[in-house]
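In: I would like to see how this sequence folds:
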Amino acid sequence: MDKINIVDEVDKINSYIIELRRKFHQYPEISMREKETIKTINQELSKWNIPYENIEKGGVIGIIDGKYKGKTIVLRADIDALPIKESKENLLKEKEVISKHQNATHACGHDGHTAMLLGATRILSNNRDSLHGRVLVVFEQGEENGRGVYNLLNRILEIGADGVWGIHLKSDLETGKISVEPGARMASACSFDVLIEGKSGHASRPDLAVSPIDCFHDFYNKFKDIKNRILNPFDPITLSIGSVQSGEASNVIPKTLTFKGTVRYLNYKQGLTAQTEIKNILEKETEFHQCNYRYIREPVAKDSTIYNNEECSQIAINSVKSTLGKKHLTTHPIWMASDTFSYYMKYFPGVYAFLGIKNSDLGTGAEHHNPKFDVDESILKYGTIITVKYALDFLMNKRDISFNPEKRDIYNLFLDNKGYIP
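Out: Coordinates of the predicted model:
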C-alpha cells in the first residue's frame, strides 16, 4: 500500500469529492433526520463493495478489511446540517451552491467532512489487497445535538478499534493549512435551559406584580461576573447566554421568562466551579426577587475536552509532510467550541485535525453557524489525502500508543456527563 501515490489517486477523483459535497450541501438534513444523506452514503459504500451497518439513531459504519492482519482505525465524519436559512452570498460574492431546503443548511462544514471521508473510503477500498489491518469508516448522525454518537460509538466499542481520526473544516484558518498539533484542541461544555416564574400584572402597577425579567437581569449581571470573582484567569473559559424569551405586550409584566446559556472550558474543575456558581446565583436571585425557577436543562459540567494524543499527532505531522509538504502545516489556537468527537477520544487515541477554508479571493471565511458560511472546495482533496495517509501510517505503526482509555462503559460515561442516551 505504501507504493500508492495518494496525491495522484485523490487528484483522479477530486471532481467526485466536490460533486458529493455539493449534493450534500444542496440537500441538507438536520440532526437525526438525515435519511437521504444516509441513503447516499449507503449507495457509495455499495459501489465500492464495502460492507456496512446502518445503526439506528446513530449513523453508518463501513468496514474495510485489509488483506493482512493488523490494527483497526476509526475514520469519522459528521453528517448533519443546521436549522439555519442560508444566505445566497458568502463574504464576497454569490455562492457556487446553496441549500434547496428553506430552513436547513450545512453551515459548519459537515458536507465537506462527509465528502472527504467518502473519497478516502473509495481509495482505501480500491487498495485493500495491500492494506494491513482494518478501517472503520464512520458517518455520525446528530453531532450538532449530540443524539447520534451514543448508539454509534457503542457499536464501535463492540467491534473494537485501536485509534481514531477526524477532520473539521475551520473558517478562520487560511485555506489549505492543516493543524494537527498535540494537546487540547476543543472545549468541554456545560449548557443549561431555565424557566423563571414570577407573577404577571399590569405595567401601571408593577408593585402588584413580580417581574421575572428583573430577576433575570440581576442573575445575568452576576453570571457575567463569575470569571472575575472565582475562576482562574489562566484557564480558558467562556460564559454566554444565547436565548432569552419573555412577554409579548409592552404593558404587561409577564409571568415567566426562559433563558438558555452555555459555558465552554478546558479545565474540568473550572467547569465544575462554574456549574456550582450558576446554581448558587440562580437560587439566591430567585429567592431575593420572590420568584420560582426550574431547570428545563440542568447545568452539568461535562468532562469532554478534545485532546490530540502526542504520539498520534507526530504520526499526523509526518503524514502531512510526506504528502502535502511542510508548508501546509500550521498551528491553531484552541477552539472553544465542543464536538461529540470527544467521546471517541475517551476510548481511542487519535487526532482531530483542523483544515483551513478561509480564502479572501473566494469570500470564504464566515464564522461557523453563520448563514454566509462557505467552503473553499479546493481544499477537499487535501483533507482526503491526509485522511488516507494518516490511516495507512497509523496502521503501519507497530508501536503501542501510550494512552489511558476511559474505564467507565459508555452508558455510565454518558450518565455522568448528562449526555443523550436513547
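
In: low-confidence regions, the stretch 301-422 of the chain specifically.
Out: Across the stretch 301-422 of the chain, nothing is flagged by pLDDT under 70.

In: tell me where it has helices.
Out: 310-323, 341-347, 380-396, 410-416 (DSSP state H, counting those that start in this stretch).

In: relative orientation of the third one and helix 310-323 in degrees?
Out: Going back to what we said before, that points to helix 380-396. 130 degrees (axes from the mean of the first three to the mean of the last three CA atoms, to 10 degrees).

In: ok, now which ones touch residue 372?
Out: For residue 372, the contacting residues are 87, 89, 90, 91, 366, by CB atoms under 8 Å, 6 or more residues apart in numbering. All C-beta spots, glycine's among them, are computed from the backbone N, C-alpha and C.

In: would you mind checking the residues you listed for buried ones?
Out: With neighbours counted by 16 or more other CB atoms under 10 Å, the contacts of residue 372 contain buried members at 87, 90, 91, 366.

In: quick one: which two of those residues are the most distant?
Out: Longest distance between any two of those is 9.8 Å, between 87 and 91; criterion CB to CB.

In: quick one: neighbours of residue 298, just the number.
Out: 15 (other CB atoms under 10 Å).

In: revised request: answer the last question for residue 416.
Out: Neighbour tally, residue 416, other CB under 10 Å: 12.

In: my guess is it meets residue 408, correct?
Out: Yes: Residue 416 lies in contact with residue 408 (CB atoms under 8 Å); the separation is 7.0 Å.

In: could you dump the contacts of residue 372 to JSON lines with secondary structure and distance to residue 269?
Out: Formatted as JSON lines, these follow (DSSP: H, G, I helix; E, B strand; the rest coil; distance: CB to CB, whole Å):
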{"residue": "87", "secondary structure": "coil", "distance to residue 269": "40"}
{"residue": "89", "secondary structure": "strand", "distance to residue 269": "44"}
{"residue": "90", "secondary structure": "coil", "distance to residue 269": "40"}
{"residue": "91", "secondary structure": "coil", "distance to residue 269": "39"}
{"residue": "366", "secondary structure": "coil", "distance to residue 269": "34"}
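
In: would you turn those residues into TSV with distance to residue 347?
Out: Output for these, formatted as TSV (distance: CB to CB, whole Å):
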residue	distance to residue 347
87	39
89	42
90	38
91	39
366	34
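
In: residue 172: which of those residues is nearest?
Out: Taking the contacts of residue 372 together and measuring to residue 172 by CB to CB, the closest member is residue 366, at 9.7 Å.

In: list the buried residues of the helix or strand that residue 221 is a member of.
Out: Here residue 221, judged by DSSP states H and E, is contained in helix 212-224. Within helix 212-224, the residues that count as buried by 16+ other CB under 10 Å are 212, 214, 215, 216, 219, 220, 222, 223.

In: just checking, what packs against the following helix or strand past that helix?
Out: Using DSSP H and E, the helix or strand that follows helix 212-224 in sequence is helix 226-229. Helix 226-229 sits against strand 237-245, helix 268-288, with contacts defined as 3 or more CB pairs under 8 Å, 6 or more residues apart in numbering; DSSP states H and E.

In: who's in contact with the last one?
Out: Around helix 268-288, the neighbours that count as contacts under CB under 8 Å, 6+ apart are 188, 190, 192, 194, 196, 215, 218-219, 222-223, 226, 230-232, 235, 237, 239, 263, 265, 291-293, 299-303, 305.

In: make a ChimeraX selection of whichever of those residues turn out to be buried.
Out: Listed next is the ChimeraX selection for buried residues among those, using 16+ other CB under 10 Å:
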select :188,190,192,194,196,215,219,222,223,226,231,237,239,263,265,291,292,293,299,300,301,302,305
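
In: brilliant, that's me finished.
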